[in-house]
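Novice: got a structure for you, letters missing:
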């Protein structure tokens, strides 16, 4: 348990990585849960994930919760490794089920089919792994918990 919150409270690198990861994932979660940024909201997203995508309802629910609450946890640096692991697992599933067949590039050119390749996800995985390894770093709840409890 001690290792879950262990982090270097002076390190800025995990702070940058967790904020960058949170910034790029939060809008996806807000679309899915709240309908912000042109999203379908909870009901629409659950309908898509359990209907068109064919996911079990519990997996659809986890996708929505991880993409919304994971970035909030990252912003605060609270249970940072748990959030990073959830985001990493979530997006590995997304790549394997929906994006790996498209290839590397985003393919958004005029003649393309507008499907996304895996280049964005490689960057996301890199940030998630940095956070998973380093923890919350500077200005994180984890650093305060580790300092005060251990």
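Specialist: Yep, it's here. None of the values given here were measured: they were computed from a predicted structure.

Novice: Low-confidence stretches in this protein?
Specialist: Along the chain, segments meeting pLDDT under 70 span 1, 107-114, 148-150.

Novice: Pick out the residue nearest the middle of it.
Specialist: Geometric centre of the chain, nearest residue: residue 87, 3.4 Å, by CA atoms, centre = their mean.

Novice: Please name the residues that touch that residue.
Specialist: By CB atoms under 8 Å, 6 or more residues apart in numbering, the contact list for residue 87 reads 21, 25, 66-67, 70-71, 74, 124, 128. Any C-beta I mention is one placed from the backbone N, CA and C, and that applies to glycine too.

Novice: What of residue 20?
Specialist: Shown in contact with residue 20 (CB under 8 Å, 6+ apart): residue 127.

Novice: Distance check, it against residue 40.
Specialist: Residue 20 sits at a distance of 26 Å from residue 40 (criterion: CB to CB, to the nearest Å).

Novice: Residue 92 now?
Specialist: Residue 92 is 23 Å from residue 40, by CB to CB.

Novice: what about the helices in this protein?
Specialist: For the chain, the helices defined by DSSP state H cover 2-5, 13-34, 41-50, 57-76, 80-94, 119-134, 141-149.

Novice: Throw those into JSON lines and include distance to residue 104, thanks.
Specialist: Putting the helices of the chain into JSON lines (distance: least, CB to CB, whole Å) gives the following:
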{"stretch": "helix 2-5", "distance to residue 104": "34"}
{"stretch": "helix 13-34", "distance to residue 104": "18"}
{"stretch": "helix 41-50", "distance to residue 104": "25"}
{"stretch": "helix 57-76", "distance to residue 104": "23"}
{"stretch": "helix 80-94", "distance to residue 104": "16"}
{"stretch": "helix 119-134", "distance to residue 104": "6"}
{"stretch": "helix 141-149", "distance to residue 104": "34"}
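
Novice: Nice, that's everything, thank you.
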